[in-house]
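*Asks:* Predicted model and sequence follow; I will ask about them next.
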Amino acid sequence: MRITVIGTGYLGVTHAACMAELGFEVLGLDIDPVRVASLSEGLLPFHEPGLPELLRKHVKSGRLRFTTSYQEVGAWGDVHFIGVGTPQRAGEGAADMSFVDAATISLARNITKDSLIVGKSTVPVGTTRRLKTLVRDNKRPGVSVNLAWNPEFLREGFAVVDTLTPDRLVVGVESPEDEAILRKVYAKALADGVPLITTDFETAELVKVAANAFLATKISFINAFSEVTEAVGGDIRTLADAIGLDVRIGRRFLNAGIGFGGGCLPKDIRALQARAAELGLDRSMRFLDEMDQINLRRRERAVDLARVMLGSLSQSRIAILGVTFKPNSDDVRDSPALDIANKLFDEGAEVTVYDPAGNVNASRRSPQHHYVTSMGDAVKNADLILLLTEWDEFKTLTPEGLAAQTGTRKIIDGRNILEARVWEDSGWSLGSIGRRY
Ligand code: UGA
């Protein structure tokens, strides 16, 4: 079975490399020739632990190749995975489906043998059925092209592990034959006991958006309580630990802080609301608007704290530690940390940023800040330090260690990773999310 993967972003490259790791011959396609050239040399254009090694290994073995040609892909592959992006449409909540539609049409026009197209992108419910019509109208006569939906649940920073050993596999199919093909693709995971949910197109599409909506809700839930503990006193971490011990609730994704960002959760909850509104179901998903607002308010809280701790932001010197939307990633899409840096700058602060992997991407989006390559350089002249992404090197910070590198004794812990009492006992003034200041 020959596998192709359309789109070589996060999802696509990871899927392609993992399919090669499972022993398949894989051809990845991207319309960007620069990306294809770099991937063909085994060079990954983004940061993802474990993926560069996998990519290099399989490019070298010849099991993994990349192309810009739909003709090549259509003539070569048996199973075609679509992993192109569905970004938020400018100025709207809805997903931009133009990349998925274009990929489907190009594939359908170029497929020359009986094949299965498997969508992996996060899409509004109803997409697979709509794409089925596009395939029917564009495919060559005499060739059978079926569709399936197989959402991806990988997390950045754990993309390889999540792809090779997922919590579950979900496939939306219309025939047992198509399910059988996907069972072959995922034979290794299934043999290892990974559960497979076989369902219809709509449920498969909805499982993905429901999972992300739930995760976003869980984070915003604890962050709503962090607003309460800030007002009345109390400790948000202890609260999360205590409710998290109830196995029905669970402790994961209950870390209060500056909130969720990235290329998925924020846009997915907005796209879900937009789709629900189209379906006349806006009331059903209206709570997600509140989750979005709670999330965005946490960024304001960090800025408010900075203003309070400094008296005025104008002409203050601020060090930002961590600018990616989460650790182990160089992704700054909708990063709460970068948004906070920008807001501080807009209020007159001079901002110096240090991130172990995100400086390059952040400086492209927000060139107004100073970017430095060490924590020491970031903090040395700062009036206030904001720790905004919980990279390992920040988790091990000590009050004495940091004090040796800077004159300030003011820090904001945007991710609740520092022991507040220890820092305060050492003479630091510490502001955090979910604690009264
Ligand atoms: C998310 C989902 O977790 C994946 O399952 C999904 O496949 C992916 O989106 C996607 O749709 O492609 P990801 O965006 O990589 O994955 O990041 P998460 O680990 O979910 O973190 C999202 C944001 O929530 C980060 O900004 C993180 O800092 C924040 N977060 C997470 C919190 O603020 N508190 C928490 O307790 C957990």
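*Replies:* Received the coordinates, thanks.
*Asks:* So which residues on the stretch 251-400 of the chain come close to the ligand?
*Replies:* Remark: the part of the stretch 251-400 of the chain in contact with the ligand comprises 253-255, 257, 259-262, 264-265, 325-326, using C-beta under 6 Å from any ligand atom. Bear in mind the C-beta positions are built from the backbone N, C-alpha and C, glycine included.
*Asks:* now do 8 Å
*Replies:* 252-265, 268, 325-326, 329, 331, 335-336, 389-390 (C-beta under 8 Å from any ligand atom).
*Asks:* before we move on, what SS does the residue of the stretch 1-150 of the chain found nearest the ligand have?
*Replies:* Nearest residue of the stretch 1-150 of the chain to the ligand, counting by C-beta to the nearest ligand atom: residue 122, 5.4 Å away. Recorded secondary structure, residue 122: coil (DSSP: H, G, I helix; E, B strand; the rest coil).
*Asks:* How much space separates it from residue 105?
*Replies:* As judged by C-beta to C-beta, to the nearest Å, residue 122 and residue 105 stand 20 Å apart.
*Asks:* Pick out whichever of the two has more residues nearby.
*Replies:* Using other C-beta atoms under 10 Å as the criterion, residue 122 and residue 105 rank with residue 122 on top: 25 against 17.
*Asks:* Whichever of the residues of the stretch 251-400 of the chain next to the ligand end up buried, select them in ChimeraX.
*Replies:* Selection of buried members from these for ChimeraX, criterion 16 or more other C-beta atoms under 10 Å:
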select :253,254,255,256,257,258,259,260,261,262,263,264,265,268,325,326,329,331,335,336,389,390
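*Asks:* quick one: secondary structure of residue 198?
*Replies:* strand.
*Asks:* and it, what is it in contact with?
*Replies:* Counting by C-beta atoms under 8 Å, 6 or more residues apart in numbering, residue 198 makes contact with 171, 173, 179.
*Asks:* do the same with residue 245
*Replies:* Contacts of residue 245 by C-beta under 8 Å, 6+ apart are residue 251.
*Asks:* just to revisit the earlier point, now for the residue of the stretch 1-150 of the chain closest to the ligand: which residues touch it?
*Replies:* 86, 95, 151-152, 208-209, 212, 264, 268, 271.
*Asks:* Can you tell me which of those comes closest to residue 76?
*Replies:* residue 152 (22.6 Å; C-beta to C-beta).
*Asks:* The closest one: which element?
*Replies:* Residue 152 belongs to no helix or strand when elements are defined using DSSP states H and E.
*Asks:* What's the local residue count around the spatially closest residue to it that is not a sequence neighbour?
*Replies:* The spatial neighbour of residue 152 that comes closest, neighbours along the chain excluded (C-beta to C-beta, 6 or more residues apart in numbering), is residue 120 at 4.7 Å. If you count neighbours by other C-beta under 10 Å, residue 120 ends up with 22.
*Asks:* Just the pLDDT at residue 120, thanks.
*Replies:* Listed pLDDT for residue 120 reads 97.
*Asks:* Enumerate every residue touching the closest residue to residue 151 other than its chain neighbours.
*Replies:* Sequence neighbours aside, residue 208 is the residue nearest to residue 151 in space, at 3.5 Å (criterion: C-beta to C-beta, 6+ apart). Each residue near residue 208 by C-beta under 8 Å, 6+ apart is listed here: 122, 151-153, 170.
*Asks:* same deal with residue 131?
*Replies:* So residue 131 contacts 100-101, 104, 117, 119, 147 (C-beta under 8 Å, 6+ apart).
*Asks:* Which of the residues of the stretch 251-400 of the chain next to the ligand fall in helices?
*Replies:* Counting by DSSP state H, these place 265, 268, 336 in helices.
*Asks:* Pretty sure residue 216 is one of the things the first one touches, is it not?
*Replies:* Just to be clear, that refers to residue 265. Yes - between residue 265 and residue 216 there is a contact at 4.6 Å, judged by C-beta atoms under 8 Å.
*Asks:* Distance from the chain centre to the helix or strand harbouring residue 28, please.
*Replies:* Following DSSP H and E, one finds residue 28 within strand 25-29. On the basis of C-alpha atoms, centre = their mean, to the nearest Å, strand 25-29 sits 23 Å off its chain's mean C-alpha point.
*Asks:* other SSEs contacting that strand?
*Replies:* Packing partners of strand 25-29 (3 or more C-beta pairs under 8 Å, 6 or more residues apart in numbering; DSSP states H and E): strand 2-6, helix 10-21, helix 33-40, strand 64-67, helix 70-76.
*Asks:* So which of the ones you listed is nearest residue 402?
*Replies:* helix 10-21 (32.9 Å).
*Asks:* now the angle between helix 33-40 and that closest one, please.
*Replies:* Angle of helix 10-21 versus helix 33-40, following axes from the mean of the first three to the mean of the last three C-alpha atoms, to 10 degrees, is 30 degrees.
*Asks:* how about the helices in the stretch 201-350 of the chain?
*Replies:* Per DSSP state H, counting those that start in this stretch, the stretch 201-350 of the chain carries helices over the ranges 201-232, 236-244, 265-278, 287-310, 336-346.
*Asks:* between the ones you listed, which gets nearest to residue 409?
*Replies:* Per C-beta to C-beta, nearest to residue 409 of the helices of the stretch 201-350 of the chain: helix 287-310, 10.6 Å.
*Asks:* mind checking how far residue 345 is from residue 395?
*Replies:* 26 Å.
*Asks:* And residue 50, by the same measure?
*Replies:* 20 Å.
*Asks:* and what of residue 222?
*Replies:* Distance from residue 222 to residue 395, by C-beta to C-beta: 19 Å.
*Asks:* Then residue 301?
*Replies:* To residue 395, residue 301 is 21 Å away according to C-beta to C-beta.
*Asks:* if you count what's nearby, which of these two comes out ahead?
*Replies:* More crowded of residue 301 and residue 395, by other C-beta under 10 Å: residue 301, with 24 against 12.
*Asks:* This completes my enquiry, with thanks.
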